[in-house]
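Asks: Just the structure for this:
(chains A and B)
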Amino acid sequence: MSSASPAATGPLGAVRRIFGGGTGPVFVVLLTLLVVMLLLNPSFFQPASLMAFLRNAAPLIILAAGQYFVIVSGEFDLSVGSLVGAQVVIAAKLIDGDESRTWPVIMLMLGFGLLVGLVNGLVTTLLKVPSFITTLGMMLVLAGAIRLWTGGAPTGALSESFRQWGRMGIEVPVLRQIPYAALIMIVIAVLTVLLMRGPYGRTLVATGDNDVAASFAGAQVWQVRTLAFVLSGLLATVAGILIGGFAGVTAQVGDGMEFTAITAVVLGGVVLGGGRGWIVGAMAGALTYRLLERLLVQLDMPSTLNPTIQGVIIILALAYGSRRLWGRRRRRAAQPITTKPQPSGAE
Amino acid sequence: MRRSNRILIGGLTAIGLTLTACTTDAPTDDAETEVEQEAETDAGTDDGTAEQADDGSDGGTEEGEFFVREEYERQLAQRDMEPEGDPDTPWMQMIDVDEMVDTSEFAVDGPQDLCFSNASVGNPWRVTGWITMQEQVEVLQDEGVIGEFRTADAADDDNQQISDIQSFINDGDCGAIMISPSTTATLTPAVEEACDSGVPVIVFDRGVNTDCAVTFIHPIGGYAYGATGAEFLVDNLEAGDSVLALRILPGVDVLEHRWGAANDIFSDSDLEVVGVEFTEGDAAQIKDIVTQYLQRGDVDGIWMDAGDGAVAGVEAFEDMGMDYPAFVGEDELGFMRKWDETGMDAVGLSYSNFQWRTPVLAAEMIWNGEEVPAEWVLPQSPVTEDDLGEYLEANSEMPDLHYAKFGGEDLPGFPEAWQDR
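Replies: Alright, predicted model coming up:
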C-alpha cells in the first residue's frame, strides 16, 4: 500500500522500505524528534501532557487525511484553511450560544463542507479548471463571503455541547483524560485507511499516478477525483468543529491551515502530482509537523519561523520525491504508446 | 539505497543547520538586556551625565528603531495629565496640547463632501471603529454639515491606499480628506501630496512622518498601552513570579512600542519573563502555547500586546485545572465577560476605539474655521476592576468581538448598528 518501491523482503528489504519508499522517512523523523523531545523535556511524555498534544494535533491530522485524498489523486485543495474558518464563524453565528441548536448546526456544517468539496471537485473535473486555481478561488470566495456576512468581526458564540468535542474528553485513570478530539481522529484514521485499502483507494492512487491509464482501465476519473474533494471538504469540516471547540471563535481561525496541511502531507512522503504515498504517512506527517512546532517552542525559537520551516520542508520533500520519480519516468518513456484506445469516463 | 540515505541525511542536516543558524541569529532578551546594560554603563562613565535620570535602574529596552525613550517617557507622563474637555465625551478631549492650528482659511458654508481613506477593516477593533465613524457621519449628514461620504478601503495594501488617496485628490470634490494610514513610511509621500492639494487633511490612528496634516488624532499611544499592562502585573504579582508575554507579530511599530514599554518595565522589576511568543492573534495557537508553558511550570501572569484570543489563553488555565493568572487583556467584550465570570485579577487595556469618531468631528470644526490641535492626543485609560461591571452592563447586548470604549452610546444608531454587523 505504501509507495511502489520494489517488493521488500528480509532485513535489507525493510531498510529499503524505510529509505527508498515515500513513507519511511517520516517515521524516522518522527522517531528522531521524539527522542530529541525526550532528551530536552521528559515531562512531555507525562500522560496529561501527551494527551494535550494529541488534542492539539488531531485537527491537523484530520485535515491532512483529507488533503491526502486530493493530493494523491493528483490535485490540490487550497480551500481547506478558509473552509475551517468559515465553518467556525458560521457555527458561532448560527448557534449563538443556544445549546439546542448544536446538532442541527453541526449537520448543516457537514452539509456545507460536502457542498464546497463537491463544487471544487466538479469545477476541477468537469470544467477542467486546474485545481490549484479552483481551490484558490474557493479560498478567496469563502474568505470574502465570510467577511461580507460578518462585516469582518465574527459574532455569536459556540455552545458548550459544540465546544466539548474540541475541548473536553473522557476521564479515565492513568491517562487522566482522553480528548474526544483524539478519539475522533483515531476513528477517522481507521475509516480512511480502510477506504484506501478498498477498491476506491486503489482507483484513486491509479488516477493520480496516470489518469489516462486509469481511464483506459475503466475508472471514472472525474467521479473518483470529485469524491476526493468531497472527502477533503468533509474532513476539513470535522477539523473545523474540533478547532472551534478547542479555542473558540476568532477572526483568524483557519488562517494558513491549507499550507500546514499540504506541508504535513508532503512531509508524510506523499508526492505532489499524485499517485504515490500512504495515508498513514500523511497523518504521521501532520503529527511530526506539530511535534516539530513543539520542539521549536521548547528550544525558545520564535514561532514566526514556522512559515520558513514549512517552506523548507515542502521544497526538501519535493526534491526528495522528484528524485525518486526520475528513474520511473525514464523507464516509462522507453515504452512509447503506439495505439490510442478511447478512454472511458466523462470528457 | 545509499543515495537515498545520503539525501535524507543531507535534508535532515539542512533542517538542522537552518534551525541552529536561527538559534545563533535571534538575540535573546537576556542578550539584549546585557548589551543595554553595557551601553548605559558606558554612557554613564564617559560623559558623566545621566540622561534620562534612570535613578540607578538596571536594564531596560534598548533604544532603537522601535523604541525611542524620549517618546516613551512622554507617553507615560501624558497618562497622568488631566485631559481638557468634557469627560462625558472623551472623543473630544485633548491631552498635552502643544499648538492650536488656525483653520480660518478652510472655513466654508454648506454641506461638504468628506473623503476617507481607510487602511482596512481587517480586524474587529477596526470594524467597531468603522461603524462608529459611519454613525457619526450620518448625524452630521442629517445636520447638513456633510454632503457625500466617500470612502476607500485599501485592505491593508499600501499601494492601494496610495492610489485611493491620489484619486481623492484628482477628483477634487473632497471638502476634507481623512486618512488612517496602513503603514507609516510608505504612506508619507501620499499624505504630503494630499496636503499640497490644498484640502484639509486629517490623519488618525497610526501616524506618518510629516506634520503637514491639519491635525493628527491618536490616543496616547503604544508605549503607554504596553506600560500600563506591565505595571498592572508588577503591582499584582509578587517578586519572582513568572510572566508569559504573548505578542501578535514582530516588526509592526504600534505593537513593537507596546512590547518595548512592557519589556522596559519588566526588566526593572522582580518578575521573571519566562517566555515571549508570537501568536498571530490566533486563539488556537495562544491556547496551545499557554498550555505548553503550563506543562513546564507555573505561569502567574500573562501580558498580551493586543487582546485578540485572550479568552483562549484564560481557558488554557481552566482546562489544565490551574489557578487563574493575573491577566492583561483588552477592552474586548469577550474577554471582559470571561473576566467577570471568573473573577480573576485582570485589566482591560484600551486603545481608545472612540478615536474613530474624532476625525469626523474635527472636519466639522475645520469647516467652521475653529481651531484644532496640531496633534490631538485623546485620553487612553484601561477598563479596571472598578468600572468593569459598568461597561459590561452598558454593552450587554453587544457581541463578544466588540470594544467597550467604542464611544458611540449617544449616537442614534445605538445599539443596533453595532450589534448587527
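Asks: Excluding sequence neighbours, find me the nearest residue to B:N368.
Replies: Once flanking residues are discounted, B:N368 sits nearest to B:A107: 6.5 Å by C-beta to C-beta, 6 or more residues apart in numbering or on different chains. The way it works is simple: take the backbone N, C-alpha and C, and place the C-beta from them, glycine included.
Asks: Oh, that last question was meant for B:W356, not what I typed.
Replies: The shortest distance from B:W356 to any non-neighbouring residue, by C-beta to C-beta, 6+ apart, is to B:G129 (3.3 Å).
Asks: swap in B:A316?
Replies: Closest residue to B:A316 apart from its sequence neighbours, by C-beta to C-beta, 6+ apart: B:V290 at 3.7 Å.
Asks: and that neighbour, what are its phi and psi?
Replies: phi -60, psi -40 (degrees, to the nearest 10).
Asks: give me the number of residues near it?
Replies: Using other C-beta atoms under 10 Å in any protein chain shown, B:V290 has 28 other residues around it.
Asks: pLDDT weak spots in chain B?
Replies: Within chain B, the stretches with pLDDT under 70 are B:1-59.
Asks: could you show me where the helices are in it, in order?
Replies: Applying DSSP state H to chain B gives helices spanning B:2-25, B:29-47, B:69-79, B:124-142, B:158-171, B:184-196, B:222-236, B:253-267, B:283-296, B:310-319, B:333-342, B:358-367, B:385-394, B:416-419.
Asks: residues of the shortest one that come out buried?
Replies: Translated: helix B:416-419. B:A417, B:W418 (16 or more other C-beta atoms under 10 Å in any protein chain shown).
Asks: Counting by contacts, list what that helix packs against.
Replies: Under the contact criterion of 3 or more C-beta pairs under 8 Å, 6 or more residues apart in numbering or on different chains; DSSP states H and E, helix B:416-419 touches helix B:124-142.
Asks: What residues of the helix it packs on count as buried?
Replies: Using 16+ other C-beta under 10 Å as the test for burial, helix B:124-142 gives B:124-140.
Asks: now do stretch A:110-123
Replies: Of the residues in stretch A:110-123, A:L110, A:F112, A:G113, A:L114, A:V116, A:G117, A:V119, A:N120, A:G121, A:L122, A:V123 count as buried by neighbour count, 16+ other C-beta under 10 Å.
Asks: Also stretch B:348-368?
Replies: Neighbour-count burial for stretch B:348-368 [16+ other C-beta under 10 Å]: B:348-367.
Asks: what's the span of it, first residue to last?
Replies: 37 Å (C-alpha to C-alpha, to the nearest Å).
Asks: how about the residues of the stretch 251-400 of chain B that lie near chain A?
Replies: Within the stretch 251-400 of chain B, the residues that sit near chain A (C-beta under 8 Å from any C-beta of the partner chain) are B:275, B:277-289, B:291-292, B:295-296, B:308-309, B:311-312, B:315, B:319-320, B:399-400.
Asks: For the buried ones among the residues you listed, write the corresponding ChimeraX selection.
Replies: Applying 16+ other C-beta under 10 Å to these, the buried members can be selected in ChimeraX as follows:
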select /B:275,277,278,279,280,281,282,283,284,285,286,287,288,289,291,292,295,296,308,309,311,312,315,319,399,400
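Asks: that older thread, determine which of the helices of chain B approaches A:T250 most closely.
Replies: Within the helices of chain B, the stretch nearest A:T250 is helix B:283-296; the backing value is 4.5 Å (C-beta to C-beta).
Asks: Give me the residues contacting the closest one.
Replies: For helix B:283-296, contacts defined as C-beta atoms under 8 Å, 6 or more residues apart in numbering or on different chains pick out A:41, A:43-44, A:46, A:48-49, A:52, A:56, A:243, A:246-250, A:252-253, A:294, A:297, A:303, B:244, B:246, B:274-275, B:277, B:279, B:299, B:302, B:308-313, B:315-317, B:319-320, B:322.
Asks: let's see 6 Å
Replies: Contacting residues not belonging to helix B:283-296 are listed as A:49, A:52, A:56, A:243, A:246-248, A:250, A:297, B:244, B:275, B:277, B:279, B:299, B:309, B:312-313, B:316, B:320, B:322 [C-beta atoms under 6 Å, 6 or more residues apart in numbering or on different chains].
Asks: among those residues, which ones are buried?
Replies: Using 16+ other C-beta under 10 Å as the burial test, the contacts of helix B:283-296 include A:49, A:52, A:56, A:243, A:246-248, A:250, A:297, B:244, B:275, B:277, B:279, B:299, B:309, B:312-313, B:316 as buried.
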